[in-house]
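# Give me coordinates for this.
(one chain, ligands or ions: 3)
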Amino acid sequence: MKKVLVTRKIPEVAVELLKQHFEVEYDGDDRQMSKEELVERVRGKDAVLCLLTDPIDKEVLDAAHGCRIFANYAVGYNNIDVEHATRKGILVTNTPGVLDNATADLAWALLFAAARRIAEGDRYVRDRKFDSWKATLLLGRDVTGKTLGVVGGGRIGTNFAKKARGFDMKILYTGRSRSEDFEKETGGTFVSKEELLRESDFVSLHVPLNPETKHYISDAELDMMKDTSVLINTARGPVVDEKALVRALREGKIWAAGLDVFENEPLIEEELYDMKNVVLLPHIGSATIETREEMGLIAARNIVSVLSGERPQTCVNKEVLK
Ligand code: NAP
Ligand code: GLV
Ligand code: GLV
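Ligands and ions are numbered 1, 2, ... in the order given. Just a heads-up that it's a prediction; the model follows:
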């Protein structure tokens, strides 16, 4: 029987599917394996189902000699050295599409939470401070009718922007290329990065982390943004220079931020913990019961397909299939 490693706890349905076909090594623990353990446990496996918290670097890939596929339980795959996997003929798969709604919904939740001070208001009530309706208590910013700037008009960026329709927003987007789909689905206009930052009331990031998008938002970009604007990051932490963001929030260069991801997760810039104008979430963009099951099923099905000699449903390095 072929051997599959599942590195960390995932929804049971996916593990059950794998168990129907393979000998599955699965502890069911929700802890990140150390690098040494990962290197040890990928040895002799035909497939590995890994999570975005697993750094799948050269050392791990080299230890996984004979392994056919690393199925990442995420759409982002910046945790994997894909080039090295390709050189070794190992397929890398991800989970695109099924998490678009969940992640775009969470970006909206953060946008509203930041604009309308939801988390702050919740803390205020729990602290038993709500003693009277007040004309100037917890004043936020209007969302309806404002300008929305979307960075990265891909799957999640398009889904997110489409949802702005009910709020009568003007939609701008930027990225490395124009997207007909984005424009058709959202009525949005492609602009330069600078124009988007200068014009938008809300800027939401939806690019993958790659060498070009690291610190895509840093001091210069935060300087360009309106001092009334809100920055939302549900992409990857290092897309924003977190120290620069702390400075901008402290100095009032932007009005607020909503963050689901952090530069050195799970570590967070210490100052952010005490700032009122930032909403902090523990990387839960795709965290709905339905979506997390779908992600597990895609990853598991990809493993079943590849180990049966078929093509996977999704793939990051198609060169390996040729
Ligand atoms: P996608 O469909 O590939 O869209 C990414 C978009 O970013 C595309 O429009 C792409 O342009 C653009 N882009 C790529 N590199 C760029 C660059 N260097 N400069 C400017 N634009 C660039 O990906 P997706 O499925 O929407 O997912 C986006 C990211 O969201 C994932 O990679 C992941 O990191 C993150 N995510 C986070 C969560 C969470 O839990 N918070 C959940 C899901 C996803 P091209 O069309 O030219 O490639
Ligand atoms: C989550 O962050 C993902 O990339 O799927
Ligand atoms: C507020 O509750 C209002 O009635 O305006």
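# rest of the way, CA atoms for contacts and neighbours
Noted.
# ok, which stretches of the stretch 101-250 of the chain are helices?
With DSSP state H, counting those that start in this stretch as the criterion, the stretch 101-250 of the chain has helices at 118-126, 155-162, 180-186, 193-199, 219-224, 242-251.
# Tell me which of those helices lies nearest to ligand 2.
Checking those against ligand 2 by C-alpha to the nearest ligand atom gives helix 155-162 as the closest, at 10.5 Å.
# who's in contact with the closest one?
Here helix 155-162 makes contact (C-alpha atoms under 8 Å, 6 or more residues apart in numbering) with 97, 100-101, 103-105, 107-108, 148, 150-151, 171, 181-182, 185-186, 205-206.
# what do you get for stretch 212-228?
For stretch 212-228, contacts defined as C-alpha under 8 Å, 6+ apart pick out 194, 197-201, 207, 238-242, 244-245, 248, 252-255.
# How about stretch 290-297?
Outside stretch 290-297, the residues that touch it by C-alpha under 8 Å, 6+ apart are 10-11, 13-14, 17, 73-74, 95, 98-99, 102, 286.
# same thing but 10 Å
Identification of contacts with stretch 290-297 by C-alpha atoms under 10 Å, 6 or more residues apart in numbering yields 10-18, 49, 71-75, 94-103, 286-288, 299-303.
# So among those, which ones count as buried?
Neighbour-count burial within those applies to 10-11, 14-15, 18, 49, 71-75, 94-96, 98-103, 286, 299-303; the criterion is 16 or more other C-alpha atoms under 10 Å.
# domain ranges for the protein?
What automatic domain parsing lists as the domains of the chain is 3-97+289-321, 100-280.
# Can you select the buried ones from the contacts of helix 155-162 in PyMOL?
This is how PyMOL selects the buried members of those, with burial counted by 16+ other C-alpha under 10 Å:
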select buried, resi 100+101+103+104+105+107+108+148+150+151+171+182+186+205+206
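# longest helix of this structure?
helix 289-307 (DSSP state H).
# and the contacts of stretch 212-228, which are buried?
For these, a burial check counting by 16+ other C-alpha under 10 Å picks out 197-201, 207, 238-242, 244-245, 248, 253-255.
# Can stretch 212-225 be said to contact ligand 1?
Yes - contact between stretch 212-225 and ligand 1, assessed by C-alpha under 6 Å from any ligand atom, occurs at 212-213.
# Show me which residues of that stretch are buried.
214-219, 221-222, 224-225.
# The buried ones among the contacts of stretch 212-228: which ones sit near ligand 1?
Among the buried ones among the contacts of stretch 212-228, the residues that sit close to ligand 1 (C-alpha under 6 Å from any ligand atom) are Val207.
# Filter the contacts of helix 155-162 to keep only those in contact with ligand 1.
Applying C-alpha under 6 Å from any ligand atom to the contacts of helix 155-162, one finds that 103, 206 fall near ligand 1.
# What is the neighbour count of Thr147?
A total of 20 residues lie near Thr147 under the criterion other C-alpha atoms under 10 Å.
# Next one, pLDDT for it please.
Per-residue pLDDT puts Thr147 at 99.
# give the contact list for it.
164, 168-172, 196, 199-203, 229.
# One more: Val246?
Contacts of Val246 (C-alpha under 10 Å, 6+ apart): 252, 257, 269-272, 275, 278.
# Now, the contacts of stretch 290-297 that are in helices?
Counted as lying in helices by DSSP H, out of these, are 12-18, 100-103, 299-303.
# Quick one: residues contacting the residue in the stretch 51-200 of the chain positioned nearest to ligand 1.
Nearest to ligand 1, among the residues of the stretch 51-200 of the chain, is Gly154, at 3.3 Å (C-alpha to the nearest ligand atom). Applying C-alpha under 10 Å, 6+ apart, we find Gly154 in contact with 100, 160, 175, 177-179, 181-182, 206-208.
# Just give me the closest of the residues you listed to Leu61.
For the contacts of Gly154, the residue nearest Leu61 by C-alpha to C-alpha is Pro208; the value is 21.9 Å.
# That closest one against Val75, yeah?
Yes - Pro208 lies in contact with Val75 (C-alpha atoms under 10 Å); the separation is 9.1 Å.
# now the residue nearest to Thr86 when sequence neighbours are not counted: how far from ligand 2?
The shortest distance from Thr86 to any non-neighbouring residue, by C-alpha to C-alpha, 6 or more residues apart in numbering, is to Val320 (6.1 Å). Distance from Val320 to ligand 2, counting by C-alpha to the nearest ligand atom, to the nearest Å: 22 Å.
# I'd say Val320 and Thr93 touch.
No - taking contacts as C-alpha under 10 Å, Val320 lies outside contact range of Thr93: 11.3 Å.
# more crowded one of the two?
Using other C-alpha under 10 Å, the more surrounded residue of Val320 and Thr93 is Thr93, with 28 against 16.
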